[in-house]
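> would you be able to build a 3D model of this:
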Amino acid sequence: MLKELQSLRVMETHFGVDVKTDPDEMNCLYGSLFVQFDHDSNGTVDLEEFTAEMRRMMMAVAGGLGFLPVQMVLEEDSFLKKAVERESAKVAA
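Predicted coordinates:
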């Protein structure tokens, strides 16, 4: 999952323009993101951990938005897009 986290654009300034960052700072940032998901600290993120953390994050986002409509753009073949498609297929079935 660390590779997928590293594919996210977490350090941007404005309209997709990347910030030149220290590699050690980025490793620390991605490591801390991984720890958020790895609840039992075994070095892997299982489905239950992933689901629980994504639910927590989405609920936090939703709580901050209130009743505003949200539209999200996902990159083609991104990890998040695959997760959304999988969950949408479950709901449709």
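> ok, longest helix in the chain?
In the chain, taking DSSP state H as the definition, the longest helix is helix 47-65.
> what's the angle from the helix or strand that comes right after that one to helix 47-65?
Helices and strands here follow DSSP states H and E; after helix 47-65, the next one along the chain is helix 79-92. Helix 79-92 runs at 90 degrees relative to helix 47-65, counting by axes from the mean of the first three to the mean of the last three Cα atoms, to 10 degrees.
> how far away from the center of its chain is helix 79-92?
How far helix 79-92 lies from its chain's middle: 14 Å, per Cα atoms, centre = their mean, to the nearest Å.
> got it, and stretch 36-48?
Put simply, stretch 36-48 sits 14 Å off its chain's centre (Cα atoms, centre = their mean).
> ok, E49 touching D40?
Yes - counting by Cβ atoms under 8 Å, E49 does reach D40; the two are 7.2 Å apart. In short, each C-beta sits where N, CA and C put it, glycine included.
> look at these two and report which has more neighbours.
Of the pair E49 and D40, E49 is the one with more neighbours under other Cβ atoms under 10 Å, namely 17 against 10.
> tell me where the model's unsure across this structure.
Residue ranges of the chain with pLDDT under 70: 1-2, 5-19, 65-74.
> let's see 90
Residue ranges of the chain with pLDDT under 90: 1-37, 43-45, 50, 53-93.
> quick one, phi psi at S41?
For S41, the backbone dihedrals (degrees, to the nearest 10) come out as phi 60, psi 40.
> which SS class is the spatially closest residue to it that is not a sequence neighbour?
Closest residue to S41 apart from its sequence neighbours, by Cβ to Cβ, 6 or more residues apart in numbering: V35 at 7.7 Å. At V35 the chain is in helix, as set by DSSP: H, G, I helix; E, B strand; the rest coil.
> how close does V35 sit to E25?
16 Å (Cβ to Cβ, to the nearest Å).
> go on, G43?
Using Cβ to Cβ, one obtains 22 Å as the distance from G43 to E25.
> hmm, back to that, centre of the chain versus the longest helix of the chain, how much separation?
9 Å.
> stretch 20-39 now?
12 Å.
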